[in-house]
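Student: coords please:
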Amino acid sequence: WQLTNAVLPVMQKQKSGSLVFISSVAGYTAFPGLGAYSISKTALFGLSKVVASEQASFGVRCNVIAPGIIKTYFSEALWKEPKTADKILKNVPLQKFGEAEDIAGTAAFLCSDDSAYMTGESLAVTGGMVANRL
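Tutor: The predicted structure is shown next:
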């Protein structure tokens with residue numbers, strides 16, 4: 001929220017800009033033991049809708065990426081142990097965990113003119129893992 005407020009005056013002045021928030025599939029569906037995390041990620045969906053609505057007249061867009069399980073230090077407990085990884089991948093049709101580059105490509109798209117008619121949207125990048133959309 002603070003970073004958004006810091007950059008909005010610049011984007012408003014230039015009459016363009018694209019904000020991309022990184023949420024999580026856990027923002028759509030609660031996962032056991034991740035209550036506070038899920039709440040914070042769900043809040044980003046609401047924040048993006050408000051920012052998109054309030055900033056559209058300034059030419060500023062705001063969208064959200066909701067990654068599935070991406071191979072990072074944060075998610076290491078889910079993919080490092082083969083038995084755990086195999087269990088999780090049963091719910092991922094692409095049968096693999098995402099990489100940071102998968103999210104970077106989506107972010108680049110959302111910041112580009114290719115998504116010029118998108119604002120207030122969320123994109124689930126999950127390898128096909130079910131995400132009950134809000």
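Student: and the residue most central in space within the chain, which of the three is it?
Tutor: Centroid-nearest residue in the chain, with CA atoms, centre = their mean: Ile65, separated by 2.2 Å. Here Ile65 is strand, with the state taken from DSSP: H, G, I helix; E, B strand; the rest coil.
Student: Quick check: bridge partners of it?
Tutor: Ile22, Leu123 (DSSP bridges).
Student: That one and Ala108 touch, don't they?
Tutor: No. Contact status for Ile65 versus Ala108: not in contact, 10.8 Å apart, counting by CB atoms under 8 Å. Yep, even glycine has a C-beta here, placed from its N, CA and C like the rest.
Student: Report all helices and strands that the biggest helix by length in the chain contacts.
Tutor: As assigned by DSSP state H, the longest helix anywhere in the chain is helix 35-55. Helix 35-55 sits against helix 2-14, strand 17-22, strand 60-67, with contacts defined as 3 or more CB pairs under 8 Å, 6 or more residues apart in numbering; DSSP states H and E.
Student: Dump the ones you listed into JSON lines; add mean pLDDT and distance to Leu44 as well.
Tutor: Shown next, in JSON lines, are the helices and strands packed on helix 35-55 (pLDDT from 0 to 100; distance: least, CB to CB, whole Å):
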{"stretch": "helix 2-14", "mean pLDDT": "97", "distance to Leu44": "10"}
{"stretch": "strand 17-22", "mean pLDDT": "98", "distance to Leu44": "5"}
{"stretch": "strand 60-67", "mean pLDDT": "98", "distance to Leu44": "6"}
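Student: I would like the residues contacting the helix or strand of the chain with the lowest mean pLDDT, please.
Tutor: Least confident element among the helices and strands of the chain, by mean pLDDT, DSSP states H and E: helix 76-79 (a mean of 90). Residues outside helix 76-79 that contact it (CB atoms under 8 Å, 6 or more residues apart in numbering): Ile69, Lys71, Thr84, Ala85, Ile88, Phe97.
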